[in-house]
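1. Starting from these lines, generate the structure:
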Amino acid sequence: MRRSRVVITTIVLLLVTNLATYTLATGVIPWLNYRWGGGVFRVGTVQDSARLREEYLLLASKYVDPVESHQLIEGALAGMAEAIGDPYTYYMDPKAFEEFDISLSGEYVGVGMVVEQIGDYVTVVSPLRGSPAERAGLRPRDRIIAVDGRDVVKVPSDVVAGIIRGQEGTPVTLTLARGKPEEETRFDVTVVREKIILESAYGKMLYGDEGIGYLQITEFSRKTPIQFTAALDALRAEGLKALVLDLRNNGGGYLDECVTVSNTFVASGAILHRVGRDGKRNTVDASGGQPWGLPLVVLVNEGTASAAEILAGAIKDNQAGTLVGVVTFGKGTVQTPYDLGGGSVLRLTTERWLTPNGDQITGKGITPDETVKLPEIGNEEEPLTWSNPDDPRDTQLRRAVELLRAALGQGNEG
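-> You can find the predicted model right below:
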C-alpha cells in the first residue's frame, strides 16, 4: 500500500513539474486557455499548436501524392523565418549554409560577387575586385532575375549563389534588372566562371616619394585582420605618411573581425552601439591602442554595407578620417547564426547597431563628409581598377589623394 502511494505521488509530482515548466515557458495554462504572461516562447494559444500539428498530419497522410515528412519540416522551418518579414532573417538547410560559409572563407569557382536577399530579389551588393563579375560591369543593387534562363525571383540567395557557381571555365548567363523598379532596364550578361581567391585586404603605395598609400578591404572574413595587418605593415615599411582606405563595394562580413580592424583607426571612444530585443544599448568601445596619427581618407559607395558601414561610421563619428564618395548601402542590423542540428542554421537578426553618434543607418546609409560621384562607365569601356589614381574616371580616389596632399602640406602637384 505504501509503495503504491509512493508511485502515485511520484507520478503526480512529475505531472505538476511538467505542467509548471510548460506554463512558465509559454505563458499559457492548458485546458483553460488562459494566458497569464508572455512566456519564453510566446505561444499564442494551445489551439495554435494543435492547428500546426493538424496541418502536418493532413499533409503527410491526405495529400494526393506521398509526402516526405522531412520536406514538410524543412518548409515549416523556412516559413517561420520568412514570416518575420525581415530579408536578413532566413533558414538555411545544410547545403545552403555551406554555400553561405564559402563566401567568407577560402576559395570557390564562380563569378565573384557579394549578394544579399532584398525582398523578392537576390541583389548584388558588390562585385569583387578583379573578378569576372566586375569585368562584366555588374554594379551594386543590380537585381538577378534569371540564371541561364531559369527564373530566380523569390528564390533564396544561397540557392541562386549555388546555381551561379559551377565548373571553372564554363559560362553562365545572368538576366539583370538595373534601376528603380518603375524605370528599370533588363539585360543579359554572360560571364565565364573562374576560381575566386578571396583576398580581403590589399595594399600598395600610390606615390612612394610622398608616402601616400592605398589599402582596400573587400570584405570582413575570418582572415581579414591578418591580411589587413600584413598589408598595413608592408606600407609602413615603405614609409607610409597618409592612407586611402577603400571600402567601396565591401559587402560586410563578420562583426568581430570588423571591430578588430576598427581598433587600428579608433584608439578610444565607441566603435558602435548594439541594441537587442530588450532595447538596452551596449557600447563596443575601442581597445585603447595607439592613436592612428596619420591623415586618412575613407572611400565609400552604395556597395559599402553592413560591417563596412560600421568601420566607416566609427571613423567618421570619431573624426579619425574623412569619408569621400556617395551614400552607403544602409544595413544596420546584426545577424547571429543558430545551429539547428544536422548542418542546418537559422540566420537570425538579433540586434540593431548604431554609429558612435547614435545614428540608425538602415535604409538611410551613411552620408560621406564629401560627396563625389563616379562618372557613368559604359559596358564597352575598361572597368575601374579601384586603385589607379591616374585614371581620370576614378574621381573619388583622385579627390582622396588631393585631400591627403593638402593634409601633408604638399600641394596638388606631382
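
2. Following the chain past the one helix or strand in the chain whose mean pLDDT sits lowest, name the next helix or strand.
-> One helix or strand of the chain scores below all others by mean pLDDT, DSSP states H and E: strand 34-35, with a mean of 50. Remark: after strand 34-35, the chain's next helix or strand is helix 46-62, criterion DSSP states H and E.

3. now for that next one, which elements pack on it?
-> When contacts are defined as 3 or more CB pairs under 8 Å, 6 or more residues apart in numbering; DSSP states H and E, helix 46-62 sits against helix 69-83. Yep, even glycine has a C-beta here, placed from its N, CA and C like the rest.

4. For the helix it packs on, report the contacting residues that lie outside it.
-> Residues from elsewhere that reach helix 69-83 (CB atoms under 8 Å, 6 or more residues apart in numbering): Leu52, Tyr56, Leu59, Ala60, Thr89, Tyr90, Tyr91, Asp93, Leu340, Ser344, Leu346, Leu348.

5. Helix, strand, or coil at Val191?
-> strand (DSSP: H, G, I helix; E, B strand; the rest coil).

6. Per-residue pLDDT of it, please?
-> In this prediction, Val191 carries a pLDDT score of 96.

7. Okay, helices next: where are they in the stretch 251-400 of the chain?
-> Remark: helices assigned in the stretch 251-400 of the chain by DSSP state H, counting those that start in this stretch are 255-265, 307-317, 395-408.

8. export the longest one as PDB, just CAs?
-> Meaning helix 395-408. Listed next in PDB are the C-alpha coordinates belonging to helix 395-408 (Å, rounded to 0.1, in the frame of the first residue of the first chain):
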ATOM      1  CA  THR A 395      37.100  60.800 -59.300                       C
ATOM      2  CA  GLN A 396      36.700  59.500 -55.800                       C
ATOM      3  CA  LEU A 397      40.200  58.200 -55.500                       C
ATOM      4  CA  ARG A 398      41.700  61.300 -57.200                       C
ATOM      5  CA  ARG A 399      39.800  63.500 -54.600                       C
ATOM      6  CA  ALA A 400      41.200  61.400 -51.800                       C
ATOM      7  CA  VAL A 401      44.700  61.900 -53.000                       C
ATOM      8  CA  GLU A 402      44.100  65.700 -53.200                       C
ATOM      9  CA  LEU A 403      42.900  65.800 -49.600                       C
ATOM     10  CA  LEU A 404      45.800  63.800 -48.400                       C
ATOM     11  CA  ARG A 405      48.300  66.000 -50.200                       C
ATOM     12  CA  ALA A 406      46.600  69.000 -48.700                       C
ATOM     13  CA  ALA A 407      46.900  67.500 -45.200                       C
ATOM     14  CA  LEU A 408      50.600  66.800 -45.800                       C
END
